[in-house]
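Engineer: 3D model of this:
(chains A, B, C and D)
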Number of protein chains: 2
Amino acid sequence: MVFMRLGASPDTFRPRGHEAKRLSIVDAAAGVFCREGFAGANIDLIAAEAGVSRQTIYNHHGDKEKLFVAVVRDLTERCNAGIFATIATFPDQPNDLEVDLVGFAVRLNQNCICNRDGKFLRKLIQTEGERYPELFAEWREQGPGRTWPAIAARFARLAYGGYLDIEDPDVAARQFLGLVNAELQTTFMLGGTPRENEVLQSATNGVRTFLRAFGKRRTVAPVDKQSAIASA
Amino acid sequence: MVFMRLGASPDTFRPRGHEAKRLSIVDAAAGVFCREGFAGANIDLIAAEAGVSRQTIYNHHGDKEKLFVAVVRDLTERCNAGIFATIATFPDQPNDLEVDLVGFAVRLNQNCICNRDGKFLRKLIQTEGERYPELFAEWREQGPGRTWPAIAARFARLAYGGYLDIEDPDVAARQFLGLVNAELQTTFMLGGTPRENEVLQSATNGVRTFLRAFGKRRTVAPVDKQSAIASA
DNA sequence: GACGATTTAGACAAGACTGTCTAAATTTGT
DNA sequence: ACAAATTTAGACAGTCTTGTCTAAATCGTC
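Structural biologist: Coordinates of the predicted model:
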């Protein structure tokens, strides 16, 4: 993305302004599609928010529907990257299991679910999912279809390492997500963004219950997990 | 609703056909608003699906926005009634705690969340919630604001009766809902309706984890809760 | 069967939106 | 500074939608 000086095939790489405009169009379109829905989204408004003329949008994307598809693909890609980056921070060899899992849950929420991209993608899936079955089937495969098993694998490793007592890692992974988000459901429904301390609270409560259900009952006791009750 | 013979002020009560049309309009409008969104909803289409003429819709509701508000109010009212009716079936004196809680969770899902009204209301909240803050604030008060405490109270009673080991009934109630729906999230996102066995599976897994976390560890043992491991 | 209220079909004006087109202005690479 | 490509502003046709209006048809009740 940064090279392209070098004179390498100057007709393949478009000028920098071109890509910059493409990005600002897709960005603005994401916001407007989310706020107004596909039918209510106004191309002139998108153009104004992107700081380009309407014609430029048509030059780049052809028509409204193609623009919408581009928006969803972009969001899916970025969100997936964020989720996998966060999964890489999963505590495979936890020091303090409760604290580490809470940290993981908070990172997942803040970096992937509550951020701009996550919020927008979620809303577009909810509002337009039924209208573009194949597009969102693709999202389902690329998104939950790949991230959930990845999280499940991490929990399986944790169980194998003696930190947890889990029968079905897939079920445990889904329940982990359900628990740490249990208190944010209403906010998500209305399209709001929970505040940091709400996210932390929900994650803390969720992880605590998760460990009550799946934590080893002081049998192996991996390390020392005394000071795990630090709250805010 | 059934009386109105008796000649009591014949100009106050409209003919029966009138109310019937009002209902079929609101019904059809709910479906169209959900499928197409507020902006995409077409009054002519609503009229056609309701089996009335466009003018009748304007006679009844004035304009598109008022019709939308009427739809949301109707759905909220019906859903609330269903939820409270289901909460009334909560197992206060469980015979088999796992079986009884699974049954309650399944009833809640089938009668309140996965049925037509629940699905429609959820989608309207998600798609149009930001556009009508005061309308959905009202829903929030009437809906989650009243049903969640009601469920929490039932869990508190269960804890008081020695069936559960719960610190915060409100947290437990939210986590209960999060757990029993953990496996249905993706389906809900895309607006789909989970099949009966998926609902049962998710509820069973969720209740099992819930009881691993909050079930009494054979201390008081209220009655005989031996055969609580019966599965499907 | 007759009366009053409601509903219907269709026409209609006013406005909004998409997507195209053109000529001028701007940017980019050399 | 020059030439090519891109962007811009605006006009434009065509379509769609909302909400109103009117006259005829239908319904419910006595």
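
Engineer: Tell me the pLDDT of the spatially most central residue of chain A.
Structural biologist: In chain A, the C-alpha closest to the average C-alpha coordinate belongs to residue A:112, at a distance of 3.1 Å (CA atoms, centre = their mean). Here the pLDDT value assigned to residue A:112 is 94.

Engineer: Pretty sure it sits against residue A:81.
Structural biologist: No: shown here, residue A:112 and residue A:81 do not form a contact pair, counting by CB atoms under 8 Å, at 9.5 Å. Yep, even glycine has a C-beta here, placed from its N, CA and C like the rest.

Engineer: Would you mind giving the domain segments of chain A?
Structural biologist: A:15-62, A:72-214 (automatic domain parsing).

Engineer: Average pLDDT for the first one, rounded please.
Structural biologist: Confidence over domain A:15-62 (mean pLDDT, whole number) is 93.

Engineer: Around chain B, pick out the residues from chain A.
Structural biologist: Of all the residues in chain A, those in contact range of chain B (CB under 8 Å from any CB of the partner chain) are A:35-40, A:122-123, A:125-127, A:129-130, A:136, A:140, A:144, A:168, A:171, A:174-175, A:177-179, A:181-183, A:185-186, A:189-191, A:205-206, A:209-210, A:212-214.

Engineer: Tell me which of those residues fall in helices.
Structural biologist: Within the residues of chain A next to chain B, residues falling in helices by DSSP state H are A:35-40, A:122-123, A:125-127, A:136, A:140, A:144, A:171, A:174-175, A:177-179, A:185-186, A:189, A:205-206, A:209-210, A:212-214.

Engineer: Report the buried members of these.
Structural biologist: Burial by neighbour count, 16 or more other CB atoms under 10 Å in any protein chain shown: within those this picks out A:36-39, A:122-123, A:125-127, A:136, A:140, A:144, A:171, A:174-175, A:177-179, A:185-186, A:189, A:205-206, A:209-210, A:212-214.

Engineer: can you list the residues of chain A near DNA strand D?
Structural biologist: Residues of chain A found near DNA strand D, taking CB under 7 Å from any atom of the strand as the criterion, are A:14-15, A:17-18, A:21, A:51-56, A:59-60.

Engineer: could you dump the residues you listed to TSV with neighbour count and secondary structure?
Structural biologist: Below are those laid out as TSV (neighbours: other CB atoms under 10 Å in any protein chain shown; DSSP: H, G, I helix; E, B strand; the rest coil):
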residue	neighbour count	secondary structure
A:14	12	coil
A:15	10	coil
A:17	8	helix
A:18	13	helix
A:21	19	helix
A:51	11	coil
A:52	18	coil
A:53	12	coil
A:54	14	helix
A:55	9	helix
A:56	17	helix
A:59	14	helix
A:60	16	helix
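
Engineer: a markdown table for those, including distance to residue B:199?
Structural biologist: Formatted as a markdown table, the entries for the residues of chain A next to DNA strand D read as follows, by distance: CB to CB, whole Å:
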| residue | distance to residue B:199 |
| --- | --- |
| A:14 | 51 |
| A:15 | 54 |
| A:17 | 53 |
| A:18 | 50 |
| A:21 | 47 |
| A:51 | 48 |
| A:52 | 47 |
| A:53 | 51 |
| A:54 | 47 |
| A:55 | 50 |
| A:56 | 48 |
| A:59 | 48 |
| A:60 | 44 |
